[in-house]
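[1] Give me a 3D structure for the following:
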Amino acid sequence: MWFGPGPLEDKGMPRARKIGSPLALKLESDLPGLWPHDPNPSPAPSWLPRRRRWRPKMASLLPETLFEAGGQGPAPSKDYYQLQITRSQVSLRWWRISLRNDYRLNKPGVTKEGYEDFLDDVNLHVQIALVFGSKVLQYVINLCKGKYDFLERLSDPLLLRIISYLDLEDIARLSQTSHRFQKLCTSDKLWEQIVALTCDTVTQDMKSLAKDIGWRQLYFTNKLQLQRQIRKRRQKHDGDDKQEMAVEI
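    Presented below is the predicted three-dimensional model:
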């Protein structure tokens with residue numbers, strides 16, 4: 001950050017001086033339009049850097065339908081409900097199910113509301129909680145507030161790459177959050193990446209042994225046991241080759 005005279009001052013630019021903390025700057029009085037207290041702000045000089053506009057890049061990657069669920073109403077009702085959350089509105093559809101013959105005359109109903117209207121609609125909150133539960137209601141409210149679970153929406157290869165850099169305790173905790181993460185955290189592809197990151201070299205014998213016992217088991221095997229298992233596998237492989245040669249002869 002520039003505080004004193006220099007090449008910029010020779011170009012007719014105002015001099016800045018430090019006051020108070022090192023981050024505090026005060027321009028000379030010839031640029032009053034830069035400050036919020038000025039009632040008639042003037043355009044910023046061309047030499048000032050433009051402020052970059054924030055763009056929600058991650059939000060633009062979200063699909064049109066963020067969440068969808070279906071369920072039956074609380075007993076004794078047999079009505080069926082469908083909840084759908086898009087990037088702009090909340091939709092709740094229902095179908096009246098009756099044991100009478102006139103149930104076909106009942107047309108399905110639908111309620112559609114924008115995010116702001118939904119957050120203020122207590123009656124709709126109660127209806128969703130009765131059908132889908134309080135956890136689903138809280139999840140929908142968070143979506144309407146812009147609290148998206150981006151990690152859950154990433155692709156498997158990218159998630160595996162991220163998880164491979166976590167500590168073992170964090171991987172164990174992450175595996176307990178959902179069925180998807182439980183599957184990813186115990187997958188062979190993840191532990192193959194972890195072995196590649198932690199070991200200096202991954203030999204062909206290690207790869208062959210991993211096909212038999214898995215990369216996760218290979219990772220938790222100490223060096224002595226690993227060497228012993230590789231040696232046994234070599235001996236078994238050599239013995240099989242000798243038997244094949246004897247049969248051919």
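[2] distance of the closest residue to Ser178 other than its chain neighbours from Val90?
    Excluding its sequence neighbours, the residue lying closest to Ser178 (Cβ to Cβ, 6 or more residues apart in numbering) is Glu152, at 7.2 Å. (Each C-beta comes from the backbone N, C-alpha and C, glycine too.) Applying Cβ to Cβ, to the nearest Å, the value for Glu152 to Val90 is 20 Å.
[3] between the two, who's got more neighbours?
    Using other Cβ atoms under 10 Å as the criterion, Glu152 and Val90 rank with Val90 on top: 25 against 11.
[4] The more buried one falls within a strand, correct?
    Yes - counting by DSSP: H, G, I helix; E, B strand; the rest coil, Val90 is part of a strand.
[5] give me the element the residue lying closest to it once chain neighbours are set aside is part of.
    The shortest distance from Val90 to any non-neighbouring residue, by Cβ to Cβ, 6+ apart, is to Phe118 (4.5 Å). Assigned by DSSP states H and E, Phe118 belongs to helix 115-120.
[6] The residue nearest to Ser178 touches Arg180, doesn't it?
    Yes - applying Cβ atoms under 8 Å as the test, Glu152 and Arg180 come out as touching, 7.3 Å apart.
[7] OK, contacts around the residue nearest to Cys144 when sequence neighbours are not counted?
    Leaving aside its sequence neighbours, Cys144 sits nearest to Tyr115 (Cβ to Cβ, 6+ apart; 4.2 Å). By Cβ atoms under 8 Å, 6 or more residues apart in numbering, the residues touching Tyr115 are 88-90, 144-145.
[8] got it, and Arg231?
    Neighbours of Arg231 in contact, by Cβ under 8 Å, 6+ apart: none.
[9] Need the phi and psi values for it.
    phi -60, psi -40 (degrees, to the nearest 10).
[10] any idea how far the nearest residue to Tyr165 once chain neighbours are set aside lies from Leu159?
    Excluding the flanking residues, the one nearest Tyr165 by Cβ to Cβ, 6+ apart is Leu197, at 7.5 Å. For Leu197, the distance to Leu159 equals 16 Å [Cβ to Cβ].
[11] With Trp94 instead?
    36 Å.
[12] For Gln225, identify the helix or strand it belongs to.
    Following DSSP H and E, the helix or strand that holds Gln225 is helix 223-248.
[13] Need the mean per-residue confidence for that helix.
    When pLDDT is averaged over helix 223-248, the result is 68.
[14] Looks like Trp95 contacts Tyr80 (just checking).
    Yes - contact criterion Cβ under 8 Å: Trp95 and Tyr80 qualify, at 4.7 Å.
[15] Can you get me a residue count around Lys232?
    Lys232: 11 neighbours (other Cβ under 10 Å).
[16] pretty sure Gln229 is in contact with Met206, am I right?
    No - contact criterion Cβ under 8 Å: Gln229 and Met206 do not qualify, at 9.9 Å.
[17] returning to what we had before: neighbour count winner among Leu197 and Leu159?
    Leu159 (19 against 9).
[18] need the contact list for the more buried one.
    151, 184.
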